[in-house]
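Participant: sequence and predicted structure are below.
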Amino acid sequence: MPNKLPVPLYKPLDRVMESQKITMVTDKEHFNKNRKRYNARKKGVIRSEAYKKTFKGGASHFYYDVQWDGRTHTDPMLQNRLMLEEN
């Protein structure tokens with residue numbers, strides 16, 4: 001049985017946030033002082049249509065240009081690292 005073909009999940013102007021926040025910090029004192037900053041997920045708006053990148057092994061992934069809150073530029077993000085923002 002073949003695998004399903006990937007499809008883009010989000011549209012431009014959707015509000016999204018990071019799906020997981022990595023909290024591995026080795027400096028314990030620094031982490032304890034700034035815990036809220038490390039545990040907070042970034043939130044933003046998708047500014048482009050999905051575009052696909054294909055890698056050497058043949059795997060392809062969808063990317064979006066996301067403008068995070070409080071920033072003026074966009075950053076490319078993988079589709080699997082994003083989720084719709086909860087209201």
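Facilitator: Structure received. Numbering: from 1, shown residues only.

Participant: count the neighbours of Met17 for me.
Facilitator: The criterion is other Cβ atoms under 10 Å. On that basis, Met17 has 19 neighbouring residues. The C-beta positions use only the backbone N, C-alpha and C, and glycine is treated the same way.

Participant: list the contacts of it.
Facilitator: Listed by Cβ atoms under 8 Å, 6 or more residues apart in numbering, the contact partners of Met17 are Arg41, Lys42, Lys43, Gly44, Leu82, Met83, Leu84, Glu85, Glu86.

Participant: who does the strand ranked longest in the chain pair up with?
Facilitator: Counting by DSSP state E, the longest strand found in the chain is strand 60-68. Here strand 60-68 has these sheet partners by DSSP bridges: strand 43-46 (antiparallel), strand 51-54 (antiparallel), strand 75-78 (antiparallel).

Participant: turn these into TSV, columns for mean pLDDT and distance to Ser60.
Facilitator: Formatted as TSV, the strands paired with strand 60-68 follow (pLDDT from 0 to 100; distance: least, Cβ to Cβ, whole Å):
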stretch	mean pLDDT	distance to Ser60
strand 43-46	96	19
strand 51-54	92	4
strand 75-78	94	11
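
Participant: tell me the most buried of these?
Facilitator: For those, the largest average neighbour count (mean count of other Cβ atoms under 10 Å) is found in strand 43-46, namely a mean of 18.
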